[in-house]
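A.B. asks: give me the fold of what follows.
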Amino acid sequence: MVSSTVSSSKLVNDSSYEVADIELADFGRKELAIAEKEMPGLMALREKYIKEKPLQGARIAGSLHMTIQTGVLIETLVALGAQVRWASCNIFSTQDHAASAIAKNGIPVFAKKGETLTEYWSYTHRILEWGALEGPNMILDDGGDATGLVILGDKASQDSSVLDNPSNEEEIALFASIRKKLSVDASFYSRIKGMIAEIDPICALQAAMEGYRVVRLDDVVEQIDIFVTATGNYQVICHEHLIRMKDEAIVSNIGHFDNEIDVASLKSYKWENIKPQVDHITLPSGNKIILLAEGRLVNLGCATGHPSFVMSNSFTNQVLAQIELFTKGNEYSENVYVLPKHLDEMVARLHLEKIGAQLTQLTSEQADYINVPVQGPYKPEQYRY
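C.D. replies: Just a heads-up that it's a prediction; the model follows:
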């Protein structure tokens, strides 16, 4: 087993920390050495991947109880190539000697037992601050606070009124912390949260109201770590976009077959197959991008597709369509048809019991009031889900 401490030479240059007492580090290191013997899974991962370093390039913002055991986790992530910044996810759960040992090893950690709520949210912000780097590209989040901070902060950057009415002591500290950050860096949260490109103003409005930054791909292509097309359209990511991408950007499609990404334009460049459906492509700039499933549907090419319950909905539709056409074929001419709304609703009805959902029955008076049949369908034919 690998039980030595992790070299700080591979860590992010900013080794700042805030702990209760750095003099507790030696005590913490002794307990870390004991914990390593009691955590064989993590130590086996170090031994297995220490040379490969599969997390090289990962910038992980960690929000999880800063204990001795978490220290072993943190140093495992670093051993596998990651850069890490860490805060506790609870104001009382930090073991101060653990935090000090990690800090002394050059890993940025911001945690102390009994920290105030103001300190807590300040520390959570600190794990998202990466200096000249572009912020975290992964969040390891035990309680959801770091993720929630980014989402709420991004919403507040677009509409500060979401911070107007804190309902408890926790929100008072959280909202104040977000306001403070926005006062010095208005785009801080939007750079961390995902971005969306849209042509439909309604979809763009929905995305913006959910807190996403809606952008033009041309304006931000050099900034993005992961691209996922999901449009059902053609040439969404063109050659001009591909050659501008940053080093090690990941490119994938879960939309329309294989033509959302202009993969053909990459064929003249150097390809290196990493494993099935994962290719490294060297661009003219010298940057390399990671192309998944050659631009075809990534959920099927690189995973096992949709969960069975999701596919049950889709395939129930298919069976009902076959029944409809076979038994009522004389009612249809040679054309393309959308499944009638009553069959769509039947598909949904057939799945409700499995997930414990109970429908409310319309009264005849209510049905008359909104001009629909008591048993449905409840949507007009032109409605699109």
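
A.B. asks: residue 281 should be in a helix, yeah?
C.D. replies: No. Assigned with DSSP: H, G, I helix; E, B strand; the rest coil, residue 281 falls outside any helix and is strand.

A.B. asks: and it, what does it touch?
C.D. replies: By C-beta atoms under 8 Å, 6 or more residues apart in numbering, the residues touching residue 281 are 266, 269, 270, 271, 272, 288, 289, 290, 291. The way it works is simple: take the backbone N, C-alpha and C, and place the C-beta from them, glycine included.

A.B. asks: out of these, which end up buried?
C.D. replies: Taking 16 or more other C-beta atoms under 10 Å as the criterion, what is buried in these is 266, 288, 289, 290, 291.

A.B. asks: where do the helices sit along the stretch 201-350 of the chain?
C.D. replies: Remark: helices assigned in the stretch 201-350 of the chain by DSSP state H, counting those that start in this stretch are 201-209, 217-220, 239-242, 298-301, 308-327, 341-352.

A.B. asks: domains in this protein, as residue ranges please.
C.D. replies: Following automatic domain parsing, the chain resolves into domains at 8-143, 216-301, 327-370.

A.B. asks: on that earlier part again, who wins for proximity to residue 39 among the helices of the stretch 201-350 of the chain?
C.D. replies: Nearest of the helices of the stretch 201-350 of the chain to residue 39, taken as C-beta to C-beta: helix 298-301 at 33.3 Å.

A.B. asks: how far off centre is that closest one?
C.D. replies: Averaging C-alpha positions (C-alpha atoms, centre = their mean, to the nearest Å) puts helix 298-301 17 Å from its chain's average.

A.B. asks: now do the residue located most distally from the centre of the chain against residue 381, distance only.
C.D. replies: In the chain, the residue that sits farthest from the middle, by C-alpha atoms, centre = their mean, is residue 330; the gap is 48.9 Å. Using C-beta to C-beta, to the nearest Å, we find residue 330 at a distance of 20 Å from residue 381.

A.B. asks: what does residue 184 give?
C.D. replies: 53 Å.

A.B. asks: same check, this time on residue 60
C.D. replies: 50 Å.

A.B. asks: the more surrounded of these two?
C.D. replies: Neighbours were counted for residue 60 and for residue 381 using other C-beta atoms under 10 Å; residue 60 has more, 19 against 8.

A.B. asks: which of the three states applies to that one?
C.D. replies: For residue 60, the secondary-structure state derived from three-state DSSP is strand.

A.B. asks: wait, it sits on residue 80?
C.D. replies: No. When contacts are counted by C-beta atoms under 8 Å, residue 60 is not listed as touching residue 80 (10.4 Å).

A.B. asks: what's the neighbour count on residue 16?
C.D. replies: 13.

A.B. asks: what's the answer for the one 3 residues further on, then?
C.D. replies: Residue crowding around residue 19 was assessed by other C-beta under 10 Å; the count is 25.

A.B. asks: one more: residue 237?
C.D. replies: Residue 237: 23 neighbours (other C-beta under 10 Å).

A.B. asks: swap in residue 187?
C.D. replies: With other C-beta under 10 Å as criterion, residue 187 counts 11.

A.B. asks: list the buried residues of stretch 186-205.
C.D. replies: 188, 189, 190, 191, 192, 193, 195, 196, 197, 198.

A.B. asks: quote the end-to-end distance of it.
C.D. replies: End-to-end distance for stretch 186-205: 20 Å, by C-alpha to C-alpha, to the nearest Å.

A.B. asks: avg pLDDT for that stretch?
C.D. replies: The average pLDDT within stretch 186-205 is 84.

A.B. asks: contacts for stretch 170-179 next, please.
C.D. replies: Here stretch 170-179 has contacts from 116-118, 120-122, 124-125, 149, 152-153, 156, 160, 163, 166, using C-beta under 8 Å, 6+ apart.

A.B. asks: in contact with the spatially closest residue to residue 283 that is not a sequence neighbour, which residues?
C.D. replies: With sequence-adjacent residues excluded and distances taken as C-beta to C-beta, 6 or more residues apart in numbering, residue 283 is closest to residue 243, at 5.3 Å. Neighbour list for residue 243: 283, 284, 285 [criterion: C-beta under 8 Å, 6+ apart].

A.B. asks: this completes my enquiry, with thanks.
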